[in-house]
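Colleague: please work out how this folds:
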Amino acid sequence: MGNHLYTTLKNPFGALPAIPERTSHSPGKPILPEFKFLWDSNEFPFLAVVPLHQPFSGPLFRRLSFITSTVPVTEVADGYTLDIDLKTELVTLERNLHAVLHAMLERTGPITSSFQLWAFPARFGYLKTYRTKGAVKVVASRSRDAFVLLMAAVSLALGILRHREELGLEWREAILEKSGVHPQWLSSLEESVVGDFSIPRIGCVVDLTTCDHFELLPIYDKMNMGICLYWGTKTTFSDLRITVLAENFLKSKNCFMDSNIVAHLLPAPSTSLSASSSTITISAPPSGTTSSHLPTSSSNAAPLPEPCSRQKQGETWAMFFARRKVTNDKWQASETPQQKLSRSQREQNAARGQPPGKKGSRVYIWEDVDGFRIRRAAGRGRYSWLWESYARDQRRYDSFNDEWDICTEFGDGTDNPNSGDDYDDFIDATQSPQDGDEIHDDIPTELLPHDELQYFQRDGKYSSNADLGRLFESSELEETALSDASSRDLDNIAYYHYGYVVPVVPVPPHPSVSLEWKVVREYLGDGHWPARLFYPDPSPISIEGITSFFTYLKASNDIEDIPVELYDIRQETSDVRTAAASVTVRKENFNGTSYYIIQTTQSAPFEIGLTDAALVLELVRSDAVKEVFEMCECLLNVGASFRTFIRGPRHAQMYPTLRPHLHGGLGFRPRGYVPDVNDYNAYVAHRDHLFSSFIGRASLLAGGIVARLAYSTVRFESVYFGPSDDVFDFGSCFCSDSPFGYWDDCLTENDTDVICGVYRVGTNQRHGDASQTTDLSWWPKPSVWNSCGLYVGFWSKDCEQWFQDRLTKCLAGTADLKNSKEWRHSLRYLKDVPRMASKNGILASKAIDTFFL
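Modeller: Okay, here's the model as predicted:
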């Protein structure tokens with residue numbers, strides 16, 4: 001009994017489960033296997049990569065997140081059938097998964113010598129008509145679970161292709177060409193649970209004595225799952241033969257057995273695999289009677305929360321709302337009368353009991369995932385159905401965040417208008433429909449037989465194009481400009497941002513430099529489009545004074561180069577100079593970048609940090625340095641980049657990496673790709689999903705083009721109360737000579753790429769064995785925007801005019817994607833604008849060093 005040899009290749013859960021029984025499968029029949037730790041199979045190797053927890057989340061797969069009791073059923077002339085809309089959704093998903101899988105398997109070649117696919121979901125009966133509602137509900141649930149097997153098969157094929165990609169084999173263009181799916185559909189698939197190899201999977205025992213797919217071991221190893229290797233018995237070990245590549249791989253993992261190791265092994269008393277030893281013996285043979293079960297260490301571990309849901313791992317819905325109440329109470333204590341009125345209006349709208357509209361509140365549903373409630377975005381296309389399926393007491397509205405949460409545990413559901421439906425014929429979801437329940441079916445021939453994969457047309461109601469149109473509705477952004485300029489005239493902009501003051505005595509013109517008023521208007525942010533100027537020209541005297549000021553500023557190298565009559569920094573009685581005695585500013589250096597930290601009161605929830613000295617002086621001139629809320633409002637209104645630091649432990653990592661992305665941004669596109677409306681709508685949905693988390697707050701803090709894209713979705717209040725409560729997990733730590741670290745919510749490079757709509761587009765160039773890609777985007781990256789000929793150091797009327805023009809083209813489907821070089825060229829405008837902004841910052845920095853530090 002102690003003669004069987006095992007090693008642990010991978011053990012992410014702390015302890016692998018007991019060795020399971022060997023079982024046989026009947027893939028041609030609509031019978032589901034058990035989704036738990038199992039013996040790897042030459043016929044069905046994808047069973048090992050089935051997700052450990054319920055995987056029905058994200059744009060592509062949330063359509064499967066129904067439960068048996070809420071399955072929508074339609075009565076027809078001769079019985080009952082699944083709701084036509086849901087039926088269309090399921091057929092669409094199945095057909096496109098078929099197409100992608102077929103193309104992938106053609107690219108990978110035979111995975112094993114006897115590889116088979118399981119019966120596809122349609123074989124489980126969701127397209128058929130039944131005599132009872134209960135039969136429809138049960139069959140729909142079983143068909144839903146059958147999608148897990150199809151998803152696992154795609155995951156395995158995807159893992160093989162990604163592994164080969166590391167060796168230089170490109171595959172995405174071929175898959176797109178063969179399958180006919182829209183590039184965005186493939187990108188969404190890669191971003192889903194199918195392509196996320198960090199999620200827990202059930203794992204397997206690989207029998208090396210019979211395995212014919214050793215090349216899958218490195219692919220399994222990249223999955224988050226337990227892997228045990230069976231080497232046979234001590235007496236048969238000498239007959240074992242594995243490939244050289246497998247031997248080298250196992251040696252690299254310190255998991256290879258040779259005859260010397262086997263000769264010194266003693267029988268082990270345990271039937272479970274220890275996390276502390278990679279080589280052990282098991283007392284139970286592989287065909288023993290030990291029952292299968294899920295990994296002990298993970299069966300009680302909460303599933304990972306959905307990204308951007310703001311739920312913490314292991315957090316119940318009650319704990320979530322208790323934590324949120326703390327934040328909401330802070331908001332309520334400091335909200336202005338206008339904010340309170342707006343919130344009251346949102347509550348009145350919510351009280352009407354209608355599902356949110358296209359631009360309305362977000363909705364989250366707390367789904368039961370292996371006994372844990374996980375908060376997941378519901379998807380706007382499902383809002384009406386959710387309002388019909390869940391009672392009023394099972395829906396909660398949060399007016400502070402403008403969000404709905406839905407959960408059956410919120411109430412007993414007695415006020416549900418559909419609670420009177422006939423459930424007398426309900427059948428347990430674990431049971432099969434009774435003989436005679438089925439009346440007829442209408443399975444499209446493309447979905448039969450189960451082992452025949454076909455390519456599908458690119459158009460039609462089941463196509464990926466149509467699917468994307470349903471998943472991502474047409475996008476709109478509010479055409480509301482940032483509010484700074486609307487309350488200022490050109491004289492005020494010249495003063496607050498640059499420090500110009502009206503001279504009381506004539507100032508002689510600069511001896512060698514002269515500027516036109518048109519150029520000066522561009523420095524002030526309202527001059528690039530003469531036919532669409534927002535501000536009227538000031539008086540001739542003001543024009544003369546402002547022009548003279550910018551003439552001297554352009555030619556200056558130091559503060560003293562600008563006449564004292566024109567520059568507030570040089571005047572002892574100016575607001576800037578007098579405020580120096582009461583405003584505390586200090587400078588901190590974080591990895592070579594200087595930040596000006598403005599300190600207000602000891603009770604302030606955070607400290608404001610700025611890299612642009614001109615913005616520090618603008619706050620002083622605006623008399624907005626007394627309270628952090630005032631500073632935040634002022635900075636947000638001008639689209640400034642700033643930090644809201646709280647102190648915490650020092651951390652060596654400057655910037656966080658939340659999750660690795662193979663391509664980053666919005667994914668891959670083939671050479672010469674021309675985007676369409678589905679691409680843009682999917683981009684907006686993906687971006688706004690990020691904005692619903694702390695990433696939205698971090699985007700407002702980023703300023704510039706990123707803040708503008710967040711402006712219509714993210715509320716300023718998210719900034720006012722300091723970093724998110726996840727900041728020490730997902731935020732950034734800025735370290736100086738201080739014994740503590742400065743923490744704030746920040747964006748990763750990939751976050752910024754998603755927000756700006758960046759695709760990795762194929763080229764004809766190669767770097768070594770790998771094909772090169774270029775970045776094309778809907779919007780310029782911050783590195784381009786911040787140095788362009790429009791950005792004067794704040795979000796101006798010219799910036800907004802350009803933004804609205806670009807937005808109109810995006811919504812009309814006429815906008816093209818650009819790379820960084822093309823963006824720089826299209827945004828060059830007046831080259832002196834960024835130079836003038838830089839010079840203004842340099843002089844402001846000298847003034848702070850002289851008068852404040």
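
Colleague: confirm residue 374 sits in a helix?
Modeller: No - read with DSSP: H, G, I helix; E, B strand; the rest coil, residue 374 is strand and lies in no helix.

Colleague: where does the closest residue to it other than its chain neighbours sit: helix, strand or coil?
Modeller: Using C-beta to C-beta, 6 or more residues apart in numbering and skipping residues adjacent in sequence, the residue nearest residue 374 is residue 367, 5.5 Å away. Where you see a C-beta, it was placed from the backbone N, CA and C, and this is true even at glycine. Secondary structure for residue 367, judged by three-state DSSP, is strand.

Colleague: same thing with residue 776?
Modeller: strand.

Colleague: so which elements touch the longest helix seen in the chain?
Modeller: Across the chain, the longest stretch assigned as helix under DSSP state H is helix 133-165. Under the contact definition 3 or more C-beta pairs under 8 Å, 6 or more residues apart in numbering; DSSP states H and E, helix 133-165 sits against strand 73-76, strand 79-82, helix 84-108, strand 128-130, helix 217-222.

Colleague: for the next helix or strand after the last one, name the packing helices and strands.
Modeller: Spelled out, it's helix 217-222. Per DSSP states H and E, the first helix or strand lying C-terminal to helix 217-222 is strand 227-233. Contacts defined by 3+ C-beta pairs under 8 Å, 6+ apart place strand 227-233 against strand 4-10, strand 204-207, helix 217-222.

Colleague: ok, residue 666 to residue 188 distance?
Modeller: Distance of residue 666 to residue 188, given as C-beta to C-beta, to the nearest Å: 10 Å.

Colleague: need the residues touching each of those two.
Modeller: residue 682 (C-beta atoms under 8 Å, 6 or more residues apart in numbering).

Colleague: any idea which helix or strand carries the residue most central in space within the chain?
Modeller: Centroid-nearest residue in the chain: residue 690, 4.9 Å away (criterion: C-alpha atoms, centre = their mean). Secondary structure assignment for residue 690, by DSSP H and E: helix 677-691.

Colleague: wait, doesn't residue 595 sit right on residue 608?
Modeller: No - with contact defined as C-beta atoms under 8 Å, residue 595 does not reach residue 608; the gap is 9.5 Å.

Colleague: stretch 571-580: which residues count as buried?
Modeller: Residues of stretch 571-580 classed as buried by neighbour count (16 or more other C-beta atoms under 10 Å): 571, 574, 575, 576, 577, 579, 580.

Colleague: check stretch 153-166 too.
Modeller: Neighbour count says stretch 153-166 has 153, 154, 155, 156, 157, 158, 159, 160, 161, 162, 163 buried, by 16+ other C-beta under 10 Å.

Colleague: show me the shaky parts of the stretch 351-500 of the chain.
Modeller: For the stretch 351-500 of the chain, residues meeting the criterion pLDDT under 70 lie at 358, 415-457, 474-488.

Colleague: now the strands for the stretch 751-853 of the chain?
Modeller: Per DSSP state E, counting those that start in this stretch, the stretch 751-853 of the chain carries strands over the ranges 758-767, 770-777.

Colleague: report the angle between the first one and strand 770-777.
Modeller: Right, strand 758-767. Strand 758-767 and strand 770-777 are oriented at 150 degrees to each other (axes from the mean of the first three to the mean of the last three C-alpha atoms, to 10 degrees).

Colleague: for strand 758-767, which helices and strands make contact with it?
Modeller: Using 3+ C-beta pairs under 8 Å, 6+ apart: strand 758-767 touches strand 668-669, strand 770-777.
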